[in-house]
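Enquirer: the sequence and its predicted three-dimensional model are supplied below.
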Amino acid sequence: MKNAVQLIAYVDRLGGGNLRDLKVLLEGPFKDLFGTVHLLPFFHPIDGADAGFDPIDHSQVDQRLGDWSDIKALSKSVDVMGDVIVNHMSSHSPQFLDFLEHGKSSRYANLFLTLDTVFPGGATERDLTAIYRPRPGLPYSVVSLASGEKCVLWTTFTAQQIDIDVAHPQGREYLDNILKTFANSGIRLVRLDAVGYAIKKAGTSCFMTPETFEFIDHFAGTARSYGIEVLVEIHSYYRLQVEIAARVDWVYDFALPPLVLHAFAFRTAQRLKEWFVVRPRNALTVLDTHDGIGIIDVGADTANRTHNVGLVPPAELAQLVEFIHQRSKGESRRATGSAASNLDLYQVNCTFYDALGRNDKEYLIARAIQFFMPGVPQVYYVGLLAGENDLSLLARTGVGRDINRHYYSPAEIIQATQRAVVADLFDLIRLRNTHSAFSGQCTLQTSDFASLILKWTNDDAFAQLQVSFQDSSLKIQFSEGAQTTTLSLRSTAKKAV
């Protein structure tokens, strides 16, 4: 993976809405900003029950976006990351339709996970209540076959997303074919989506069990044999992230977004400093993604009922959520939890820019922290343009996460790039991509409780970030030959010296 900032985007929601136009953007207004682009699900169809995360055909590019030749063309100028949705496929997929028609006689009968597969002797109340799920209710759906027979299938997320039996040879073959298709089309990085739920075992929480780790090990080994690196996507207790990071190429730093917001809410860098010491270094740093702002990632361990303490105490966590709601003027409250469908109990839905009250200065401080943290930064397309909550889209769809999934026209993109806060963000990205210090080592410097100082050094080169949350001040200094330069950003009212 290149040590350069990445873009994560829905192809159809950015500019012209297809792969060729995205390539034009990357070679035009976004030139030299990104080393990698993570294409959120571009499979057939992109507009199913879960914005592409319920593929009918995981091996087919939605023709409205282009085809595999467009993916390959894009991969010649930037690295391309794609999603492998391991846990489920669409209820409209040809495999599932064949299963509905032919039942146990279907050639795909063993591809889908039934309740009986995990609980052959039946499930007790204790078994069912032990299952961890991020949404209300149980992860099952009763399905009627053409014969009139009914069966109970695992549907972790929605009834339109049918869980795959990844432990069965049919499930393994299905996933292997996806990796082959990706490798043949120039994709060299994959994100393992929702893998924490992929392995179900009786008597467990069915989330991040030892068998899940074994599955991740096997999948990562297969991917590497095709020349593909693996990013594992898990929203969970922070110690699990550290454990996973030791076994795979990359993990997300999902704790960073709420901890940065916590620093502004409580005017202290203490929680951020504590996290810096223990966090994995092979991490993609993020502030926003296509999902909400994770709260579980800094909270106590509840999935496996151990109740180990989190990075942020429960009382502060509740205040943090309220801080986001207040800063967004209540807009995030309308998109979170029971207020919106497709809800996730552990996330607050809001653009990161709105979570900071559209404060340009604090927004750039947050991005600077992201870029200075060890790892590889990834910037969500809405965040790249300092996007605001899309209440119109939320009203149309009723899907909470759509508040942060705006459809940008080409004109809106050009308009956004002319804003000072976006121009400043582009400058920060270019500094992170080009300065040699970021290929060296990062150390946490001694400072008071309200301050955070991170310093990168590489031989004689250095780059240093100094933030005070007491007065929301920012200072970035870096070497230019024998000289020291202070980065000047319009939105922070800091001048070069």
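Expert: Nice, I can see it.

Enquirer: quick one: low-confidence parts of this protein?
Expert: By pLDDT under 70, the weakly predicted segments of the chain are 302-307, 338-345, 493-497.

Enquirer: spatially central residue in it, please.
Expert: Centrality entry for the chain: nearest residue to the mean C-alpha point is residue 289, 4.8 Å, by C-alpha atoms, centre = their mean.

Enquirer: doesn't residue 21 belong to a helix?
Expert: Yes - per DSSP: H, G, I helix; E, B strand; the rest coil, residue 21 lies within a helix segment.

Enquirer: go ahead and confirm it touches residue 9.
Expert: No - Residue 21 is beyond contact range of residue 9, at 11.6 Å (criterion: C-beta atoms under 8 Å). Bear in mind the C-beta positions are built from the backbone N, C-alpha and C, glycine included.

Enquirer: who's more crowded, these two?
Expert: Set residue 21 next to residue 9 and count neighbours by other C-beta atoms under 10 Å: residue 9 wins out with 22 against 17.

Enquirer: could you give the bridge partners of that one?
Expert: Under DSSP bridges, the beta-bridge partners of residue 9 are residue 39.

Enquirer: isn't residue 473 right up against residue 452?
Expert: No - taking C-beta under 8 Å as the definition, residue 473 is not a contact partner of residue 452, at 11.1 Å.

Enquirer: list residues touching both of those two?
Expert: residue 467 (C-beta atoms under 8 Å, 6 or more residues apart in numbering).

Enquirer: neighbour count winner among these two?
Expert: More crowded of residue 473 and residue 452, by other C-beta under 10 Å: residue 452, with 25 against 16.

Enquirer: what number of residues lie near the closest residue to the more buried one other than its chain neighbours?
Expert: Leaving aside its sequence neighbours, residue 452 sits nearest to residue 269 (C-beta to C-beta, 6 or more residues apart in numbering; 4.0 Å). Residues lying near residue 269 (other C-beta under 10 Å) number 26.

Enquirer: give me every residue that touches residue 269.
Expert: Contact analysis of residue 269 by C-beta under 8 Å, 6+ apart lists 263, 447, 449-452, 467, 469.

Enquirer: filter these to the buried ones?
Expert: The neighbour count (16 or more other C-beta atoms under 10 Å) marks 263, 450-452, 467, 469 as buried among those.

Enquirer: check the gap between the closest residue in space to residue 12 that isn't next to it in sequence and residue 90 for me.
Expert: Distances taken as C-beta to C-beta, 6+ apart put residue 46 closest to residue 12, at 5.6 Å, once the chain neighbours are dropped. Here the criterion is C-beta to C-beta, to the nearest Å. By it, residue 46 lies 12 Å from residue 90.

Enquirer: looking at the two, which one has more neighbours?
Expert: More neighbours surround residue 90 than the other of residue 46 and residue 90, with 25 against 21 (other C-beta under 10 Å).

Enquirer: what separation do you get for the more buried one and residue 160?
Expert: 6 Å.

Enquirer: now list whatever residues contact both of the two.
Expert: Common neighbours of residue 90 and residue 160 (criterion: C-beta under 8 Å, 6+ apart): 48-49, 54.
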